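Visitor: Show me the folded form of this:
(one chain, ligands or ions: 1)
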Amino acid sequence: MSQTTEQTAVRYQKDDDGIVVLTLDDPTASANTMNRLYLESMGAAVDRLEAERDEIAGVVVTSGKKTFFAGGDLNGMVKAGPEDAADVFAMVEEVKAQLRRLERLGKPVVAAVNGTALGGGLEIALACHRRIVVDDPKIQLGLPEVTLGLLPGGGGVTRTVRMLGLSSALMDVLLLGPRMKPAQAKEKGLVDALVASPDELLPAAKGWIQANRDDADAAVQPWDRPGYRVPGGTPSTPKLAAFLPAFPANLRKQLKGADYPAPKAILATAVEGAQVDFDTASRIESRYLTSLITGQNSKNMIQAFFFDLQAINAGSLRPQGFETFRPTRVAVLGAGMMGAGIAYACARSGLDVVLKDVSTENAEKGKGYSEKILGKAVSRGKMSEAAAREVLDRITPTGEMADLAGCDLVIEAVFEDPALKAKVYAEVQDVVAPDALLCSNTSTLPITGLAGSVDRPADFVGLHFFSPVDKMPLVEIIRGEQTSDATIARAVDVVQAIRKTPIVVNDSRGFYTSRVIGTFVNEGLAMLAEGVHPVTIERAATSAGYPVGTLQLSDELNLELMAKIRKATADALAADGRELPAHAADAVVTTMIEAGRPGRLRGAGFYDYDEDGKRLGLWKGLADTFPVADRAPQFDDLVDLRDRFLFIEAVETARCFEEGVIDSAAAANIGSIMGIGYPALTGGAAQFIQGYPGGPAGFVARARELAATYGDRFAPPPYLVDLAESGGRFPA
Ligand code: NAI
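Guide: Below is the predicted model:
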């Protein structure tokens, strides 16, 4: 392949009025990123602008791609370790020096934003004197670096603080990294003007330059004008001095004590930078960014939230070679909690749904759930009344099997009873389309067994939704022994059609997610039996990064259900002549069930609840039932408690790889984070092992330590030991 040395990612075109249009358009990739070619091209463009300065009226920066600019080069970042800090710092400074020269050219520079500008893309636009954006709600603007364990280090922190003031920059833009529509970004003050269509963009940008060509001020950023002050004041002005010190504490509380380095670094960058001049602030920003890029947390988060998610969305788990399946009419069987939620998710995505329960009355109740959610969306102004009505009209409630005629997708969510499910399949398969995809939302029953009651087991698959269905983004697809590749491909298409993220796993008791989350809950209960204070157990989990503590989660999942599952597992093993090993959690489960406190459903568990199911506080009787050990806790105890949670789930994940339940690190990472709350900061259960200090070998060593102290359940399985010894990785 021939490659010209003249390649550029920044086209330079000057018109008759002396306006230069810089078009960002990397010929080597489908999106613009801050790679080497960009750096060289932008460097050359700025050199030329400075050389031709006197002949220039102004500059427009726009993009030749659908996305304005995608941002930093994440492929490069994940390879940078602490030893590369000097190189990383130099590269960050180079990117910023170019933008700084552009904003100090002395000529008006306008960003004409024709597509999504997130992260580095928005940072380029922020270095311009004016931002004009096409008012298309599909365009996203924002600085979401924090969600990848990074900070906007291309000038994003330094400039937003100077544009919006410290507290607005931190709260509205930097700490949570929201993606905004153009109109929202304008409201926040990040955008100066909107145009209705892409055709109006360049004329509007050039028009502004023409109108301001004699106004010297238009070519100077506010922070480069004499006497400039950060809006709202600096940390030393009394108003901010009074409330800024509370920021770190609030942040800690929001993160529930979990150790996310990026928000802390953003806070420090903003506060330290607000007290010094622009260029010093910019260097402080580069230093903090360098420490985040070269650290482990950003690698974990980039792996999961960028590479893994992108791969899965692009179809990495979908068998190839099958046409895309777009269901038209969905039969949802069972209008209980899950069926009602599934019906809503389908209707919301434009599918017609027939919602069937034992009676029309029951089915109508299930439809009422959608009505409630849609009503809320309308009253909050998130949806028009007409659009809500349209969604609701797509759901037809019924008590009659015959109404399912012609459905090309069946999702069953009746009671968790294999005999009932078998009966329902036998009836439904003769009514729906002859090639309809047959799915069960069972949470515990092996798919291969259920498939025995349909005539077309190859078309039968598990489609495991999570509760509450409207909020939970993940669906676990379970391949039974007889499920065909075509069926898996169709199931992936269904999940994507209803705008959820699929993972694909092989059949096993508890599949992947339920099996792993079970070990987390049991570990917390075992701690209780050992005499660890319940508050310490909950804090250990949340400070490790889990969204809720174990005891709270146990109340949600319900101990009676867990006991039932454990018994079914024991019975299945017994039929094989094997025995389920005893677990320290068993006695706690029995005691709580006997005390009439299985969980929130019954209004009583480890916590007390009011009549509406609202959680009040820990059950006062816990102290007598599970006395706290008479020993002052040591610092290492907390470290061990956190590690026990993280390791027990990671070790179970490794077992799932060993048994072939899961065969993709991306599926394990995304499944564990999005399905069962494994801490996002680890990058997921597979990434936790691979990114552990010393890699899998380091993980194995620590797991063995935990096994020696707390029991064999922590012993790394042979598959993982082999992986560690051979220096291998999980399949991607
Ligand atoms: P539920 O008890 O709320 O709803 C079951 C519904 O099925 C009831 O409305 C019942 O009237 C209906 N039903 C019973 N026989 C029927 C028949 N012959 N035809 C049509 N409808 C019939 O149960 P839930 O929680 O919605 O669970 C349903 C399924 O989803 C179960 O297999 C469960 O294991 C699974 N699941 C539950 C999760 C949860 O968090 N609750 C999570 C994931 C899966």
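Visitor: Next up, the contacts around Gln496.
Guide: 313, 502 (CB atoms under 8 Å, 6 or more residues apart in numbering). The way it works is simple: take the backbone N, C-alpha and C, and place the C-beta from them, glycine included.
Visitor: Confirm that it lies within a helix, as I assumed.
Guide: Yes. Assessed with DSSP: H, G, I helix; E, B strand; the rest coil, Gln496 lies in a helix.
Visitor: so Val78 touches Gln303, yeah?
Guide: Yes. Between Val78 and Gln303 a contact is recorded at 7.0 Å, counting by CB atoms under 8 Å.
Visitor: More neighbours: the two, which one.
Guide: Gln303 (25 against 16; other CB atoms under 10 Å).
Visitor: Up against the ligand, what does the protein have?
Guide: 333-339, 356-358, 362, 413-416, 420, 424, 441-443, 464-465, 467 (CB under 6 Å from any ligand atom).
Visitor: Buried among those? Make that a PyMOL selection.
Guide: Here is the PyMOL command that selects the buried residues among the residues of the chain next to the ligand (16 or more other CB atoms under 10 Å):
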select buried, resi 333+334+335+338+339+356+357+362+413+414+416+424+441+442+443+464+465
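Visitor: Of the residues of the chain next to the ligand, which belong to helices?
Guide: 337-339, 362, 420, 424 (DSSP state H).
Visitor: May I have the residues that are in contact with the nearest residue to Ala347 once chain neighbours are set aside?
Guide: Excluding its sequence neighbours, the residue lying closest to Ala347 (CB to CB, 6 or more residues apart in numbering) is Arg394, at 4.2 Å. Arg394 makes contacts with 346-347, 350-353, as judged by CB under 8 Å, 6+ apart.
Visitor: Which pair of the ones in helices among the residues of the chain next to the ligand spans the longest distance?
Guide: Greatest spacing in these, by CB to CB: Met337 and Val424 (17.2 Å).
Visitor: does the residue of the stretch 101-250 of the chain found nearest the ligand count as helix, strand or coil?
Guide: Scanning the stretch 101-250 of the chain for the residue nearest the ligand gives Thr147, at 26.7 Å (criterion: CB to the nearest ligand atom). Taking three-state DSSP as the rule, one finds Thr147 in the helix state.
Visitor: Apart from its chain neighbours, what residue comes closest to it?
Guide: In space, Thr147 is closest to Gly177, 5.1 Å off (CB to CB, 6+ apart).
Visitor: Check that neighbour and give its pLDDT.
Guide: What the model reports for Gly177 is a pLDDT of 94.
Visitor: Could you do Gly510 as well?
Guide: At Gly510, pLDDT is 89.
Visitor: ok, it touching Thr442?
Guide: No. Gly510 is beyond contact range of Thr442, at 10.8 Å (criterion: CB under 8 Å).
Visitor: could you list every residue that touches Arg179?
Guide: 118, 140-142, 144.
Visitor: Reformat these as CSV; add pLDDT and secondary structure.
Guide: Formatted as CSV, the contacts of Arg179 follow (pLDDT from 0 to 100; DSSP: H, G, I helix; E, B strand; the rest coil):
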residue, pLDDT, secondary structure
Leu118, 96, strand
Gln140, 98, coil
Leu141, 98, strand
Gly142, 98, strand
Pro144, 96, helix
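Visitor: of all these, which two lie farthest apart?
Guide: Leu141 and Pro144 (10.1 Å).
Visitor: which neighbours do these two share?
Guide: Common neighbours of Leu141 and Pro144 (CB under 8 Å, 6+ apart) are 118, 179.
Visitor: Quick check: the residue of the stretch 201-350 of the chain nearest the ligand.
Guide: Gly336 (1.7 Å).
Visitor: tell me the contacts of that residue?
Guide: The neighbours of Gly336, taking CB under 8 Å, 6+ apart as the test, are 357, 366, 413-415.
Visitor: same check, this time on Glu611
Guide: Gly603.
Visitor: For the spatially most central residue of the chain, give me the pLDDT.
Guide: Centroid-nearest residue in the chain: Phe305, 5.7 Å away (criterion: CA atoms, centre = their mean). With respect to pLDDT, Phe305 scores 95.
Visitor: pLDDT weak spots in the protein?
Guide: 1-5, 633 (pLDDT under 70).
Visitor: Show me the domain layout of it.
Guide: 10-217+229-294, 329-508, 514-660+664-726 (the TED database).
Visitor: Could I get those domains in CSV, plus columns for distance to Ala311?
Guide: Formatted as CSV, the domains of the chain follow (distance: least, CB to CB, whole Å):
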stretch, distance to Ala311
domain 10-217+229-294, 13
domain 329-508, 11
domain 514-660+664-726, 5
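Visitor: now for those domains, which one comes closest to Glu323?
Guide: Taking CB to CB, domain 329-508 is the member of the domains of the chain nearest to Glu323, at 8.4 Å.
Visitor: how far does that closest one stretch from start to finish?
Guide: Domain 329-508 stretches 30 Å from its first residue to its last (CA to CA, to the nearest Å).
Visitor: for stretch 313-327, same thing?
Guide: 18 Å.
Visitor: Any buried residues in that stretch, and which?
Guide: Buried, per 16+ other CB under 10 Å, within stretch 313-327: 317-319, 322, 325, 327.
Visitor: What of stretch 210-230?
Guide: For stretch 210-230, by 16+ other CB under 10 Å, it's 212-213, 218-221, 223, 230.
Visitor: Can I get that stretch in PDB, CA atoms only?
Guide: Provided in PDB are the C-alpha atoms of stretch 210-230 (Å, rounded to 0.1, in the frame of the first residue of the first chain):
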ATOM      1  CA  GLN A 210     -16.300  39.300   9.300                       C
ATOM      2  CA  ALA A 211     -18.400  41.200  11.800                       C
ATOM      3  CA  ASN A 212     -15.500  41.200  14.400                       C
ATOM      4  CA  ARG A 213     -12.400  41.600  12.200                       C
ATOM      5  CA  ASP A 214     -11.700  45.000  13.500                       C
ATOM      6  CA  ASP A 215     -12.500  44.300  17.100                       C
ATOM      7  CA  ALA A 216      -9.300  43.400  18.800                       C
ATOM      8  CA  ASP A 217     -11.100  42.000  21.800                       C
ATOM      9  CA  ALA A 218     -12.900  39.300  19.800                       C
ATOM     10  CA  ALA A 219      -9.500  37.700  19.300                       C
ATOM     11  CA  VAL A 220      -8.600  37.500  23.000                       C
ATOM     12  CA  GLN A 221      -9.900  35.000  25.500                       C
ATOM     13  CA  PRO A 222     -11.400  36.600  28.700                       C
ATOM     14  CA  TRP A 223      -8.500  35.100  30.800                       C
ATOM     15  CA  ASP A 224      -5.900  36.800  28.600                       C
ATOM     16  CA  ARG A 225      -7.400  40.300  29.100                       C
ATOM     17  CA  PRO A 226      -5.900  42.600  31.700                       C
ATOM     18  CA  GLY A 227      -7.600  42.500  35.100                       C
ATOM     19  CA  TYR A 228      -9.300  39.100  34.400                       C
ATOM     20  CA  ARG A 229     -10.700  37.300  37.500                       C
ATOM     21  CA  VAL A 230     -12.200  33.800  37.700                       C
END
